Each structure stands twice: as structure tokens, then as C-alpha cells.
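Peer 1: Just need the structure, nothing else, for what follows:
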Amino acid sequence: MLRFYTTFILLVFYVLTIKAQTNPSSDSLLHVLKNATNDSSRLSAMEKLFMHYRSANSDSDQIILDKALVLARASNNKKAEANFLTKQGTILRINKTDLTRAIQTYQQALRIAESVHDTTWWSDIYTGIGRIQAEQGNNEEAETAFRNAVQWAQNPVKRYHGLESLAVLYANQKKINQAEKVFEQALSTVKQNRETQIYWIRVHSNVAFFYANFMKDTTKALWYNREATKGFVDDPKRDLVRYIIDCEFISQSFFTLGDYTSSALYAKKITPFRHIDKNNVKHSVAKAYRRLFDIYEKQGQYRQATLYADSMLVLRDSLDALTNSDSLKRETYKLDAAFKLERKQKEVELLAQKQKTQMVWMIAISLVALLLGVLIFVIQRNKRRIEMQKTELANLNTTKDKLFALLSHDLISPVDTLKNYTMLMDWGAMNQSTFATAMETLKILLNNTSNMLENVLHWAISQMTELKPKKEVVNISAIVAEQIDLVSPIANDKRIDIQQLVPNDLMIELDKNHLALAIRNLLQNALKFTKPSGHITVSAQNTEGGQKTISIQDSGIGMTPDILSQLFQIDKNTNRKGTSQEKGTGLGLILTKELVELNKGQINVSSEVNKGTRFDIIFNT
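Peer 2: Numbers count the residues shown, from 1 in each chain. Presented below is the predicted three-dimensional model:
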């Protein structure tokens, strides 16, 4: 991740110091404040005094800020209140004392500024909010805030801050094209405006870092790094703070590009100012020591690295988490041990070579073992898959043989009957009464054959393709009535009474054709095994839990427990002749179960010999 925000505090200190050099001393400002004759003059003097103390890193800046806020509120000066709240939010953000309070303070400043239509501080507020959101990983909120900061920027400096923050955000999110485009806008802003020239080194160093770490374009990174050095102020007497910050940026940029010699050269330009009693200078010196510490550690110059680590420890009171003294001591002890081990470098190299050879052999053996394991696993998996496929093929072959046997057996009877009646008609041996009886018999046989073939067709389709129900809201009573009408000729022939007890308003969402075929198969099954003059009841109701149950109960011959347990298995022989010697394949019930389950339902069966059978179709709706 880009570390551009880590240098923002230094830049703030630099800008404030520049202003402090052109402002009066604290005594003269206090004199102006004491002699101010109105609240407006007092607020103006307080703002200048705040900036003076802020540049000097004095705790008095917070005291002045608190008093200024009290005066602004007392005098109902909303513009001044928004100004000082913005500064308060910035202090909280930079000090990282309470980021939640910092956002709340920024938002309060924004509300007050909006109430008086003062857009002066909007860009600063949005930039501050965006940086907090970015640090906390709230990228969308941060992007919105930075875009607002650019939109409401009233001068090139504020526009630059918004653009640079947005570019950094995009880079951290790996939105490379967007980051590159916004960086170009930030560069253009710095180049075209005199007041933004102080950011020359910063923006070019950041762009160099971007191309080196995200675009992997070393050529461009080096070019921007050289451009950064053109803005370097090589005279600390002219502007010490800018000189230190420029050295820091250039050193960081060279370090990123792997030019440790140049990075060390600029870091060493900072270290002579370690005795200056300013927190921002001490912080920069500490960072310079850390940079030199890292450089010499990478180069294996442990003695030099240890010396700079010791120098950092002297400044431990000024260091942040980056230069935490305890962790630094631990690293120093490690470097000291490494330095002593240099005398035995040859022994270490020999040992390392031996360990490397052993590691290569271990890796090779592990890879061979892993490959063997994978090979065995693949072979076993393929073997299991082949066994499963053989079992499935055997089952399918058994099913096919049984299906052909059933079809050949059950189709031969109606065909032979039709053939015999045709011969009698040809011979003129049929009178009117015999002809009428033959027609009734043929009608029943053809109806049974038609139903059988329809079930075979639907079952075959379900096995060859994936049936998908076309759901719609249907009336259960209407479907039941329609299926009763279709089987009524068979019921009339056997004098079987079919009673419908389905509420007229009972609705359900499923495939209409699937439900119709399932009910018709169950009705035909009930008619087949119910004796003449028997009765069948079809009912439906809502049950607990929002379920809907459709029941078909007959007074037929029932089933034994053995037949009941094998009822829906095609490889089991459960075929029986009906009470009028009707035949079937047994596919009707199997198909019915598949259709019900396709519509997220289930089918339950209960039966007693010579008492009848009850089928319950249950749907969860």
C-alpha cells in the first residue's frame, strides 16, 4: 500500500512554518488581541495566534482554538465557527486522538458552513473526512469525500490536496488507470500554479513511487524521481523545514527505486539537525536514522546499521510506532548478533549450502510422495467411478429387460383379443349382442393399454431428459373433477362410486399437468384394485405448517407389507391383476412419485389387506 499519508503531517508543519515566518511574533499578536475593540478583530487575531503556536508545535494552539470557538459562538459568527471547527477536526485527525470525534467535528463544521452558504472551508472539510475514511478502509465514502473536495476547492492548493488524496486512494485499491489519470491532474495543478510549487518534490516523488510499485515501470519512476530533485532547496539556511522535508521525500523515492546510495546521501543531509528542539524536526531526523538503519541492514553492513539504531534510541521520546524503542532494541540485538557472526561467515555459508542440499532432497522426496499419492488417489477415484457406472448400467439394463418383458406381456393380450374379434367379424359369426359385448371389452382393453402407454411414455421422457415443472396457481377441485370425468367410464363399468370432497376454493402453485397425471394414475390404481360396487373418496385440505394434502382412499383389496415396501421400485415385481383381471406395468405409481417430488412434494401410502388403500400427496407451499 502507498505510504503517502505518512508524510502529510510533515508537510502541514512545513506550510505552517512558512506562514509563521511571515507572521508577527507571539508577543505582538497577543498585544493585538488585547487591544482589539470588537469580536471580529479578536477572532482574526486569535486565528493568527493559533497559526503561530501551531507552527511552533506549542500546546497553546489548542487553548487559543478553544477560546476562539467560544467567542465565535457567543458572537453568533457562523463563518468563524465553521473555520475553527475545521481546524479542530484537522488537529484531531493529525494527532489521531479520536478519529470518530474528528469526523463529527468536520460534519458539524460543514453543517454550519452550509447554513450560511459559506463554501470557504468545504474542500478542507471533505479532504479531512476522506483521509479518515481511507485510513479506516471505507473506500466508497472516501472517494465521495475527495471528489467533493476537488469540486469545492477555491484555490490550487486545496485542489491539489483533493486530487492527490483521490489518486492515492485509487492506487491503494489497485484502480491503476484511474489513479494514473488523477495523478496527472495533480501534477498539472502543481506545475501551472505558483502557490503549489512547494509541492513539486512531493507530487513527483509520489508519482515515482506509484510507477515503481504499481505500474512496475522503472523508466518512468526514475524520470519522475529526477524531476523531483529539480525542486530541491539545497540551502537549509533559506528554509530549514522545506529543506528537511525535501530531503525526506527524495530519500524515500530513491529507497523505493532500490538506489540505496542516493537514498542514504539525502537521509544523511537531515541528521545534522538532530539538536534542533522542534518536534517536527526531531521526527524527520528519527525517520532519517530509520532509513539509514534499513539501508545498511539490507546491504549487510551491520556495524553501521547498529550505530544508526543507537542514534535512534537517543531520540526515542520523539519516535512514533515506526521507531518504537522496544522493538528497535530487539532489532539492535539481532543486528549485533549478526555482526559477530560475520567472523564465521565461511562456516555459515558451508552450513547453509549443506542445509540447502538437504532441503532440495527433502523437497524432491516430498514431491515424489505427493505425486504418488495424487496418482493413487486418481486411480482409486476412477476405479470407484467405473464401479458406480457398471452398477448403474446393470440397473438400467435390468430395468430395460423388465420394461420390455412387461410391455410384450401386457400388450399381447389386447392385441390378441382385437385379432380374435376381427376374425369373428370376418367370418360373420358375431350377432348384434356379441358385437356390443365385444366393443365394451375392447374399449376397456384399449383404455388400459392407452393409460399404460401414456405412463411408459412419460416415464421414458423423465429418464432421458430433466423434467422441469412449469408452476402456476391452479384450483385443486377443478383438476380432481376433470380426472374423475376421464376415469368415469371404468368406474361405471365396475359400478364403483367416486366421491369428491375437495373445497372449491383450495388453490396451489405447481405444474398443472403433473398434478393431473398423478391424480389420474392414483384413481386408475384405485379402480383397478377395488371390487365392483366399491367406493373411492378424493379429499383435500390445508394442514398444519401451511401444507396441502390431497388424499385418495379406496375400499379395495389392499396390500401386504411386503408389496407396500417395494411399491415404488421398478426392479421389484409388484404387479398384480386387478379385481376384473386388469393388467399393468407398475410404472404408473413410479411416475406419480417422480412427478410429486419434482413439485417439492411427497407421497405416503397406508394399506390393509381387504380393507383398502390410502395415498396422501403432501405439498409444502
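Peer 1: quick one: terminal-to-terminal distance for stretch 191-205?
Peer 2: End-to-end distance for stretch 191-205: 14 Å, by CA to CA, to the nearest Å.
Peer 1: What about residue 446, how many residues nearby?
Peer 2: Residue 446 has 13 neighbours, counted by other CB atoms under 10 Å. For every residue, glycine as well, the C-beta is placed using N, CA and C.
Peer 1: Next: residue 538.
Peer 2: Residue 538 is flanked by 24 other residues according to other CB under 10 Å.
Peer 1: And the strands in the stretch 501-621 of the chain?
Peer 2: Under the criterion DSSP state E, counting those that start in this stretch, the stretch 501-621 of the chain carries strands at the ranges 507-511, 535-542, 547-554, 601-608, 612-620.
Peer 1: average pLDDT for stretch 200-212?
Peer 2: Averaging pLDDT along stretch 200-212 gives 83.
Peer 1: how close does the residue nearest to residue 217 when sequence neighbours are not counted sit to residue 266?
Peer 2: Distance criterion CB to CB, 6 or more residues apart in numbering; nearest residue to residue 217, sequence neighbours excluded, is residue 211 at 4.6 Å. Distance of residue 211 to residue 266, given as CB to CB, to the nearest Å: 19 Å.
Peer 1: How about residue 479?
Peer 2: 88 Å.
Peer 1: buried set for the helix or strand hosting residue 64?
Peer 2: Assigned by DSSP states H and E, residue 64 falls within helix 60-74. Neighbour-count burial for helix 60-74 flags 61, 64-65, 67-69, 71-72 (criterion: 16 or more other CB atoms under 10 Å).
Peer 1: The strands of the stretch 501-621 of the chain: which one's closest to residue 578?
Peer 2: Ranking these by proximity to residue 578 (CB to CB) places strand 547-554 first, at 11.6 Å.
Peer 1: hang on, the earlier thing: so after the helix holding residue 64, what's the next helix or strand?
Peer 2: The first helix or strand that comes after helix 60-74 along the chain, using DSSP H and E, is helix 78-95.
Peer 1: what about that next one, distance to the chain center?
Peer 2: Once both centres are worked out by CA atoms, centre = their mean, to the nearest Å, helix 78-95 turns out to sit 37 Å from its chain's centre.
Peer 1: Which elements pack onto that helix?
Peer 2: Packing contacts for helix 78-95, counted by 3 or more CB pairs under 8 Å, 6 or more residues apart in numbering; DSSP states H and E, involve helix 8-22, helix 39-55, helix 60-74, helix 99-115, helix 122-135.
Peer 1: looking at the ones you listed, which is buried most?
Peer 2: Ranked by mean neighbour count, the helices and strands packed on helix 78-95 are led by helix 122-135 with a mean of 23 (mean count of other CB atoms under 10 Å).
Peer 1: now the following helix or strand past that helix and helix 122-135, what's the angle there?
Peer 2: For helix 122-135, the following helix or strand on the C-terminal side (DSSP H and E) is helix 139-151. With axes from the mean of the first three to the mean of the last three CA atoms, to 10 degrees applied, the angle from helix 139-151 to helix 122-135 works out at 160 degrees.
Peer 1: Return the set of buried residues in helix 139-151.
Peer 2: 141-143, 145-146, 148-150.
Peer 1: Which members of these define the maximum pairwise distance?
Peer 2: Within the buried residues of helix 139-151, 141 and 150 form the most distant pair, 15.5 Å apart (CB to CB).
Peer 1: what about the helix or strand harbouring residue 361, average pLDDT?
Peer 2: Under the criterion of DSSP H and E, residue 361 resides in helix 345-427. If you average the pLDDT over helix 345-427, you get 74.
Peer 1: Lowest average confidence across helices and strands of the chain, where is it?
Peer 2: helix 8-22 (a mean of 38; mean pLDDT, DSSP states H and E).
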